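**Q** Quick one, structure for this:
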Amino acid sequence: MLVAPRLIPDPDAVRAVWDDAAAPNWSGPALWLHGDLHPANVLTADGTICGVIDFGDLFAGDPACDLAAAWILLPDDTTDLFHAAYQPAPDAAALRRARGWAVLRAFSGLLIGEAGVRGRPGGKPTWGPPAHAALRRLIATAHR
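**A** Numbers count the residues shown, from 1 in each chain. Modelled structure (predicted):
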């Protein structure tokens, strides 16, 4: 992992999540997916998701990609509710792969956020805090 170590509060725990994501491949049919669900692509009103934008990464494939949104977008203690409502119901392997996708998205958020803090082009300082929260949620649920 090439993300600056100081950006990751517990690199060993994040590495364990990443290593665990090496789960069996999706063997079901390819499903239509948004492909880029993160805070900048979700609209909210009064704390409720009311829309999704930016369908530039729309594709058909493994639902683990969009299942990662539970750790990236949602508040603490809601991941299980999201996955229970998702159809088709994800199996343990899909959730492991989803956690890997969530690590990648969190890393992107960390780097874009840090670039914003440093005033670099394309940086967005508001992206760092949600990325840190996602990593914290991933680490907290690592042994389920």
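**Q** And the residue positioned nearest the centre of the chain, how far from Val17?
**A** Nearest to the geometric centre of the chain sits Ala102, at 2.8 Å (Cα atoms, centre = their mean). Note on Ala102: its distance to Val17, by Cβ to Cβ, to the nearest Å, is 8 Å. Just so you know, the C-beta spots here come from the backbone N, C-alpha and C atoms, and that holds for glycine as well.
**Q** Give the residues shared as contacts by those two.
**A** Leu138 (Cβ atoms under 8 Å, 6 or more residues apart in numbering).
**Q** re the thing from before, which strand or helix spans the residue nearest to the centre of the chain?
**A** helix 92-117 (DSSP states H and E).
**Q** I'd assumed Val117 was in contact with Thr126.
**A** No: Thr126 sits out of contact with Val117 when judged by Cβ atoms under 8 Å, with a separation of 10.0 Å.
**Q** Is the closest residue to Leu74 other than its chain neighbours part of a helix or strand, or is it coil?
**A** Of all residues not flanking Leu74 in the chain, Phe82 sits nearest, at 5.9 Å (Cβ to Cβ, 6 or more residues apart in numbering). Assigned with DSSP: H, G, I helix; E, B strand; the rest coil, Phe82 falls in the helix class.
**Q** which residues touch Phe82?
**A** Ala69, Ala70, Leu74.
**Q** Ok, Leu110 next?
**A** Val3, Leu7, Ile8, Trp127, Gly128, Ala131, His132, Leu135.
**Q** Can you flag which of those residues belong to helices?
**A** Gly128, Ala131, His132, Leu135 (DSSP state H).
**Q** I'd like those as CSV, with pLDDT, neighbour count and distance to Ala21 appended.
**A** Formatted as CSV, those follow (pLDDT from 0 to 100; neighbours: other Cβ atoms under 10 Å; distance: Cβ to Cβ, whole Å):
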residue, pLDDT, neighbour count, distance to Ala21
Gly128, 95, 20, 22
Ala131, 96, 25, 17
His132, 95, 17, 19
Leu135, 96, 26, 14
